[in-house]
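Undergrad: give me the fold of what follows.
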Amino acid sequence: MIPGGPGRAEGALVQGGSWLDEPSHRVWLGRRLADVLTFALRSIRPEGGFHHLDADGSPLGLRPPQLFLTARMAYASALGVRHGIPGSGELLDHAMDSLTGLHADTRHGGWLSEPGSVTRKATYDHVHVGLAAATALGVGHPAAGRLLDQVVDVVDSRLWDESSQTLLESFAPDWSDSEDYRGANANMHGLEAFLTMGTATGDASWHRRGLAMADRIVNQAARQHDWLLPEHFSPGWEEELEYNRDEPLHPFRPFGATFGHSLEWARFLLQLDESPLIQGPSWLLEAADALCRRALDGGWAIDGRPGLVYTVDWNGVPVAGVRLHWPVCEGIQASAALLRRTGDDHWERWYRRLWDHAARYFIDERGTWRNELADDMSEGGRIWPGRPDVYHCTGALTAPLSG
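TA: From the prediction side, this is the model:
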């Protein structure tokens, strides 16, 4: 057994069954969801988009609104609407107005990553708009259908590379100058968006595209690296394992393997495996299990401190030891999904352990989440200052309620 991993040698589960079925735990999740979304109401920016918030809920400096954060707020608030959380409707309306207004590029099509500035059009940002539109459609928002139609057009005409069955990375504002890089991160969130878009529309082609991306990046690349997941590739999809070695704290493209992304991929693989639109291959469950065991059993407290490091090298040695909230949130969602799928007590132990860790270190006295921890496990901000994003914690709080 790998140290730090909750293996079967620890004994049987506490009597009483799974926390997933415990009414008081589900009530606790609902209350924390309300705490998070109530805090997020302070981020509404009257001019459109959302402020980055400091720990006290005040706007953080002069940071401009970001497309992916606006889209994520639409997603998170739509989940709030689905679960009956007051205030969610206001957040959702503002997010959708911002996506169809402030962020819309009326000249070249698509959306502006940072309105008022000249920035590249990132696939990462655009697929989040697809996630937002499809989730909003699921709760009946009146602007969702047209927005989703626009996303479909952009994906089909600009982002999707039929020859490789993957997504391109980024472009100049007028859609010229396709970037000489391919990234797992944009394709991972593309898979997430395609899963939701396929479910919302009943169009199986979205799930088939998602499966093609997952096969290349997980079933082929991650499997070959003992379930450490390569993130960076050339335009021909050759691995670039030394990419950004000198930028270990890059917020989107750090060197090495990112355990949080392994956990995130795992939950999307399980959704693919359960798709009613396509017949998923047998490797989906196998890979989801393997990615989670490599990240949690093999990565927990790997540097002597509780939790998950940001990145490791290709020998599994920690590179960036900073603790971020989002890998814990992804571990919660993945362990809950594996527990439901397999009934394996291993995942019940991880589900409880991850929530214990979140409650101890990340959730503050108001029920809001610290985004990042310093070396002494107090609140930090080297990668993501403040509390700019409720996407991951909203997922962690709602995923266990879906069963």
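Undergrad: make it CA atoms for all contacts and neighbour counts henceforth
TA: OK.
Undergrad: residue 389 versus residue 136, what's the distance?
TA: Plainly put, residue 136 is 18 Å away from residue 389 if you go by Cα to Cα, to the nearest Å.
Undergrad: neighbour count for the two, which is higher?
TA: residue 136 (29 against 24; other Cα atoms under 10 Å).
Undergrad: pull the number of nearby residues for residue 356.
TA: Residue 356, neighbours per other Cα under 10 Å, totals 12.
Undergrad: just the one 5 residues further on next, same as before
TA: Here the count is done by other Cα under 10 Å, and residue 361 has 20 residues near it.
Undergrad: so how far is residue 392 from it?
TA: 16 Å.
Undergrad: ok, which stretches of the stretch 201-350 of the chain are strands?
TA: 232-233, 311-312, 318-320, 323-324 (DSSP state E, counting those that start in this stretch).
Undergrad: would you format the ones you listed as TSV with distance to residue 262 and mean neighbour count included?
TA: Formatted as TSV, the strands of the stretch 201-350 of the chain follow (distance: least, Cα to Cα, whole Å; neighbours: other Cα atoms under 10 Å):
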stretch	distance to residue 262	mean neighbour count
strand 232-233	14	21
strand 311-312	11	24
strand 318-320	15	20
strand 323-324	14	25
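Undergrad: for residue 98, find the nearest of the ones you listed.
TA: When the strands of the stretch 201-350 of the chain are compared by Cα to Cα, strand 323-324 sits nearest residue 98, at 27.6 Å.
Undergrad: packing partners for that closest one?
TA: strand 372-373 (3 or more Cα pairs under 8 Å, 6 or more residues apart in numbering; DSSP states H and E).
Undergrad: flag every buried residue along the helix or strand just after the strand it packs on.
TA: Per DSSP states H and E, strand 372-373 leads on to helix 391-398 as the next helix or strand towards the C-terminus. Neighbour-count burial for helix 391-398, counted by 16 or more other Cα atoms under 10 Å, picks out 391-398.
Undergrad: okay, residue 7: pLDDT?
TA: In this prediction, residue 7 carries a pLDDT score of 38.
Undergrad: now residue 63
TA: Value for residue 63, per-residue pLDDT: 86.
Undergrad: still on that earlier bit, which one among the buried residues of helix 391-398 gets closest to residue 354?
TA: Relative to residue 354, and with distances defined as Cα to Cα, the nearest of those is residue 396, at 10.4 Å.
Undergrad: is it true that that closest one touches residue 327?
TA: No: using Cα atoms under 8 Å as the test, residue 396 is too far from residue 327 to be in contact (10.3 Å).
Undergrad: so what's residue 91 up against?
TA: Applying Cα atoms under 8 Å, 6 or more residues apart in numbering to residue 91 gives the contacts 41, 44, 73-74, 77.
Undergrad: quick check: mean pLDDT across the host helix or strand of it?
TA: Counting by DSSP H and E, the element that carries residue 91 is helix 88-100. The average pLDDT within helix 88-100 is 98.
Undergrad: I'd like the next helix or strand past it.
TA: Assigned by DSSP H and E, the successor of helix 88-100 is strand 121-122.
Undergrad: right, I'll leave it there.
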